[in-house]
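Asks: Here is a sequence together with a model predicted from it:
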Amino acid sequence: MSTRRNFLGRAIGACSGLFAARGLSAQMQMHMPMPPAPSAESTVAPHIATSKTAAVTHVPVITTDVGDLDYTLDGSTKVFHLVAEVLKQRIHPDKTIDVWGYNGSAPGPTIQVNEGDHVRVIFDNHLPEASSIHWHGFEDQIRYDGMPGISQEPVKPGGRFVYEFHIHQSGTYFYHSHMAMQEMAGMLGGFIMHPRIPYHPDCNKDFLLHLQEYAVLPNIAVPNTMNMEYNWLLLNGKAGPLATPLIVRQGDRVRIRFVNLGMDHHPLHIHGYTFQVTGTEGGRIAQSAWWPGTTVLVGVAQARDIEITADRVGDWMLHCHLPHHMMNQMSSNVGSMTRGRGMGQPAGVDMETGMGMLQGTSGAPTGEDYGASLGRGMGFGNTADMATANGPLSQHHAMQGMAGMTGMAGTASDVAANANSVPLFPQDAFMEGPAMAMDQMVDKPENFGLRPGWSGYMMGMMTFLRVLPPEKYEQVIARMKQARRANDPYASLLQRNS
Ligand SMILES: [Cu+2]
């Protein structure tokens, strides 16, 4: 790791020196982002040489919350070592789940190579069952297609398989287990093939976001990969507000690559900008065929690259637009939902009332008076809420159980006095907003300067594209450097700015 980082650092240093000494070369000018950005540093995509083998130039892709897989060289072959393993992963400040991934994370680390590279991937299986890796969209030999039982023997627990590719494509590709349930357990990752000739216009910032989902019932850590109802929606393995925002400087030309390897299609929406769709899982789209949008539907097993010129400052939301994908931990009725117009589900009543055996009977567990409802008697919020037997016994008790969530007190004033008698109440009153604020629990440099209480409104497949004015951008970058995080997904950006 350190070898490559040092190399990058040297390459960047050399690049900067070049700019200072000779200004822009004709080739650099050809690939200038458009329109011109406000500062010298951001007018030109810093064409960093990341190849040890060829002078290919591009901006490294940043996979927030995940990072890259490093490689070694065997002659001119780039050798990657991918290890499938069982992991615990924190997907939300209050939720850690069991997943299967690669090299410490699910999704696994991003592999970045250049068109023309020869690549070897050594795959070790540390799972308790057989696996293999499929290389999605690769035009290569059938024996390296990764189909267990079809193109190769399944790789047994403790086993190894070596894949070899000659990269002649470019674009947003991915790798994943071709065992369906393993894929839903987290076994996927990005594979970026950088073009031999940089795309025009080129970008200053290039991000990869995996769209992912898990079905994990309350109080359980093991996802149900066969469930059809997914209740945790993730960007790069994190649900909002834990997902790390994309940090860009005003004027940057920005590319975002969405990859969807899940069970649902996701309409990804960005606020404040009209983007162009510039690529699919089949590679770059010719500029004359780009199409504009503010929402792009990313179907299962598809990639969509979008590009904007980030000329309007703001903390712009970037999210899946399916309402249930903008939530955390929603699920079917589980157990007794204790809120309701009465006191929740009663004890000591007859079969009609207690078991709802007669349809339409007043008092039935699924009826309007005792039935399931949102809010669930958590004991905070509206002062009309009553403590219930299977909920916290008091507001004080509820707040103790949710340390760090700073907005618990004082939410009573956020709802109308007659709220409990209004049909459909509550909807978001106790699921979104001040009650769910946890700014301190998700404190990190990338969140610096967000509006206080922001975290109460970010859930599921939601994050920000933070388009920062130069001085604020420098502040955030300074804090990211100061944090000195190991294997920082933003490492290439931080080196570039040093
Ligand atoms: Cu979605």
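Replies: All right, it came through fine. Just so you know, these numbers come straight off a predicted model, no measurement behind them.

Asks: Going by C-alpha atoms from here, please, whenever you check contacts or count neighbours.
Replies: Noted.

Asks: Ramachandran coordinates for Leu73?
Replies: Dihedral pair for Leu73: phi -110, psi 130, per degrees, to the nearest 10.

Asks: just checking, it touches Val79?
Replies: Yes: using C-alpha atoms under 8 Å, Leu73 is in contact with Val79, at 5.8 Å.

Asks: Mind checking which of these two has more residues around it?
Replies: Neighbours around Leu73 and Val79, counted as other C-alpha atoms under 10 Å, are more numerous at Val79. The numbers are 19 against 13.

Asks: can you count the residues close to the closest residue to the more buried one other than its chain neighbours?
Replies: Leaving aside its chain neighbours, Val79 sits nearest to Arg120 (4.7 Å; criterion: C-alpha to C-alpha, 6 or more residues apart in numbering). As a burial measure, Arg120 scores 20 neighbours (other C-alpha under 10 Å).

Asks: partners of Arg120 in the sheet?
Replies: Val79, Glu164 (DSSP bridges).

Asks: quick one: contacts for it?
Replies: Thr77, Lys78, Val79, Phe80, Val162, Tyr163, Glu164, Phe165 (C-alpha atoms under 8 Å, 6 or more residues apart in numbering).

Asks: ok, of the residues you listed, which come out buried?
Replies: The neighbour-count test (16 or more other C-alpha atoms under 10 Å) marks Thr77, Lys78, Val79, Phe80, Tyr163, Glu164, Phe165 as buried among the contacts of Arg120.

Asks: Of those, which is the nearest to the ion?
Replies: Closest to the ion out of the buried ones among the contacts of Arg120 is Phe80 (31.5 Å), distances taken as C-alpha to the ion.

Asks: How much space separates that closest one from His178?
Replies: Going from Phe80 to His178 by C-alpha to C-alpha, to the nearest Å gives 19 Å.

Asks: Tell me where the protein is predicted with low confidence.
Replies: Confidence mapping of the chain against pLDDT under 70 gives the ranges 1-57, 330-414, 420, 426, 430, 498.

Asks: so which residue of it comes closest to the ion?
Replies: For the chain, C-alpha to the ion, closest residue to the ion: His266, 3.7 Å.

Asks: and the stretch 251-400 of the chain, which residues reach the ion?
Replies: His266, Cys320, His325 (C-alpha under 5 Å from the ion).

Asks: can you do 6 Å?
Replies: His266, Cys320, Leu322, His325 (C-alpha under 6 Å from the ion).

Asks: can you give me the helices in this protein?
Replies: Assigned by DSSP state H, the chain shows helices spanning 2-22, 26-30, 40-43, 180-184, 351-355, 395-400, 470-483, 491-496.

Asks: Just give me how far stretch 487-498 sits from the chain centre.
Replies: Here the centre of stretch 487-498 is set off from its chain's centre by 19 Å, with C-alpha atoms, centre = their mean, to the nearest Å.

Asks: what does stretch 448-467 give?
Replies: From the chain centre to the centre of stretch 448-467 is a distance of 13 Å (C-alpha atoms, centre = their mean).
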